[in-house]
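Novice: After the sequence you'll find the predicted model.
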Amino acid sequence: MKNRIVLLLIVVIAAAAAGFAFYAAKDQGHENAAGVSVHTESGDKLLVSITNTDLLTKYYENDKVIHEEKLTSYPAFALDQKQQVLYYTGNNDQNEMRLFKLDLKSNQKTMLYKGAESADSLFLSKDRSTIYFRLGKADESNFRIAAFDLKTKKYKNLYPAVKDQDDSVSSFFYNKKTDSFAMLHYSVEEDYKKTDEANEKGIDPEPTTIHFAAGRQTQFDELKSLDQFISDIAVSDDDKRILFTSYTQKGTEQTASIQMLNADTKKYETIISNQKSFKLLIDAQPQFSMDGKNIYFLAEAKGAKKLKDETGREAKVRTIYSYNLENKTYKKVWENPNGIINSFFVIN
């Protein structure tokens with residue numbers, strides 16, 4: 001996976017290419033941002049990472065900028081609301097991953113870890129003692145779930161087993177309410193095989209089988225397997241409903257939909273598809289609102305503004321929408337026309 005492009009890396013590469021490059025470092029403190037439109041549901045708060053054409057990444061809590069910095073890697077971050085601490089990653093000139101802790105009250109930044117590993121999808125544990133993240137190593141083809149102890153400043157492997165070089169985690173979600181995980185995982189060997197076959201025949205690749213699993217650190221139960229391109233996962237507070245983005249691919253054309261899986265019955269259905277007013281991203285990052293009545297997701301609005309960064313790469317502005325499960329209505333929730341949203345989390 002480190003030296004060749006496989007099917008499940010397409011999502012990561014597309015996300016990075018659609019955003020902008022990141023480098024250097026600067027902090028501007030808190031400010032309210034002009035041009036940001038926020039209309040969340042039932043008092044929900046969103047933590048949003050967005051990068052502008054000057055390659056500056058800003059972190060928002062709703063419409064308030066809590067930090068900004070030119071980064072060297074795709075942003076991964078988590079917020080401790082109680083202590084007002086932002087955890088985030090960035091690379092140095094040697095391309096080493098660094099994990100930072102930023103005290104938002106004092107603006108004091110501390111580097112917690114530096115290493116050759118890659119880290120994304122940060123989640124703060126329920127007791128705020130641990131950062132869970134997706135771990136990648138240069139000498140391994142698969143990705144793992146790992147836990148970084150904020151006291152000892154060391155991490156340990158959670159899944160798969162240390163000796164397992166084939167099972168790879170493509171996406172995971174940590175549910176703070178139940179202190180549990182949901183994840184998507186797949187076989188690296190199968191992924192390579194299907195990619196090679198497609199390249200040899202000059203055809204579109206077949207999707208690698210994606211396995212859904214859920215549980216706690218020591219025990220994961222398999223829920224379902226699907227032969228689909230699937231890019232992300234999230235769960236409801238009670239772990240009963242699982243959201244994921246599925247997409248089809250024909251040549252360069254990709255069509256996404258947001259699905260919901262019932263964890264008990266193992267049945268799933270399409271909840272959100274493309275509308276006249278927007279087009280779903282293949283990494284739509286669907287998440288439930290705090291009351292479970294709405295789904296937040298990423299899409300490109302019709303007529304979305306196109307931005308170009310200083311490297312010449314172009315991308316369309318992304319918008320966070322909400323979908324009301326009862327009324328089946330859509331609403332624009334978070335938008336900033338001056339940058340590209342990288343990712344977001346529901347935090348309250």
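Specialist: Thanks, I have it.

Novice: So which bits of stretch 295-314 are buried?
Specialist: I295, Y296, F297, L298, A299, E300, A301, A304, L307, D309 (16 or more other CB atoms under 10 Å). (Glycine included, C-beta is placed from N, CA and C.)

Novice: Repeat that for stretch 318-329.
Specialist: For stretch 318-329, by 16+ other CB under 10 Å, it's R318, T319, I320, Y321, S322, Y323.

Novice: isn't the fifth one right next to D291, touching?
Specialist: No - contact criterion CB atoms under 8 Å: S322 and D291 do not qualify, at 11.6 Å.

Novice: what's the overlap in contacts for these two?
Specialist: Taking CB atoms under 8 Å, 6 or more residues apart in numbering as the criterion, S322 and D291 both touch E41.

Novice: what about stretch 233-241, start to end distance?
Specialist: 11 Å (CA to CA, to the nearest Å).

Novice: Which parts of this protein are helices?
Specialist: With helices called from DSSP state H, the chain shows them at 10-18, 188-201.

Novice: where does the stretch 51-200 of the chain have low pLDDT?
Specialist: Flagging of the stretch 51-200 of the chain using pLDDT under 70 yields the residue ranges 71.

Novice: hey, where'd the strands end up in it?
Specialist: All strands of the stretch 51-200 of the chain, identified by DSSP state E, counting those that start in this stretch, fall at 57-61, 64-69, 77-80, 85-91, 97-103, 108-115, 118-124, 130-136, 143-149, 154-159, 167-175, 180-187.

Novice: contact partners of the first one?
Specialist: Yep, that's strand 57-61 we're talking about. With contacts defined as CB under 8 Å, 6+ apart, strand 57-61 is touched by 22, 33, 36, 45-52, 65-71, 75, 77, 79, 86, 88, 336, 339, 342, 347.

Novice: got the CA positions of it in CSV?
Specialist: In CSV, the C-alpha atoms belonging to strand 57-61 read as follows (Å, rounded to 0.1, in the frame of the first residue of the first chain):
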residue,chain,number,x,y,z
THR,A,57,-6.0,25.5,7.5
LYS,A,58,-8.5,26.8,10.0
TYR,A,59,-10.3,24.9,12.7
TYR,A,60,-13.8,26.2,13.5
GLU,A,61,-16.2,25.5,16.4
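
Novice: need the contact list for the nearest residue to D103 once chain neighbours are set aside.
Specialist: Closest residue in space to D103, ignoring its immediate chain neighbours: V85 at 5.8 Å, by CB to CB, 6 or more residues apart in numbering. Applying CB under 8 Å, 6+ apart to V85 gives the contacts L79, K101, L102, D103, L104.

Novice: one more time with 10 Å
Specialist: Listed by CB atoms under 10 Å, 6 or more residues apart in numbering, the contact set of V85 reads A78, L79, K101, L102, D103, L104, K105, Q108, T110, L124, R128, L150.

Novice: Using JSON lines, please lay out these together with distance to N142.
Specialist: Formatted as JSON lines, the contacts of V85 follow (distance: CB to CB, whole Å):
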{"residue": "A78", "distance to N142": "23"}
{"residue": "L79", "distance to N142": "28"}
{"residue": "K101", "distance to N142": "28"}
{"residue": "L102", "distance to N142": "31"}
{"residue": "D103", "distance to N142": "35"}
{"residue": "L104", "distance to N142": "35"}
{"residue": "K105", "distance to N142": "39"}
{"residue": "Q108", "distance to N142": "36"}
{"residue": "T110", "distance to N142": "30"}
{"residue": "L124", "distance to N142": "24"}
{"residue": "R128", "distance to N142": "29"}
{"residue": "L150", "distance to N142": "25"}
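
Novice: Out of these, who's the most crowded?
Specialist: Highest neighbour count within the contacts of V85, by other CB atoms under 10 Å: L79, with 24 neighbours.

Novice: which residues does that residue bridge with?
Specialist: L86 (DSSP bridges).

Novice: you'd agree E68 is up against P75?
Specialist: No - contact status for E68 versus P75: not in contact, 11.2 Å apart, counting by CB atoms under 10 Å.
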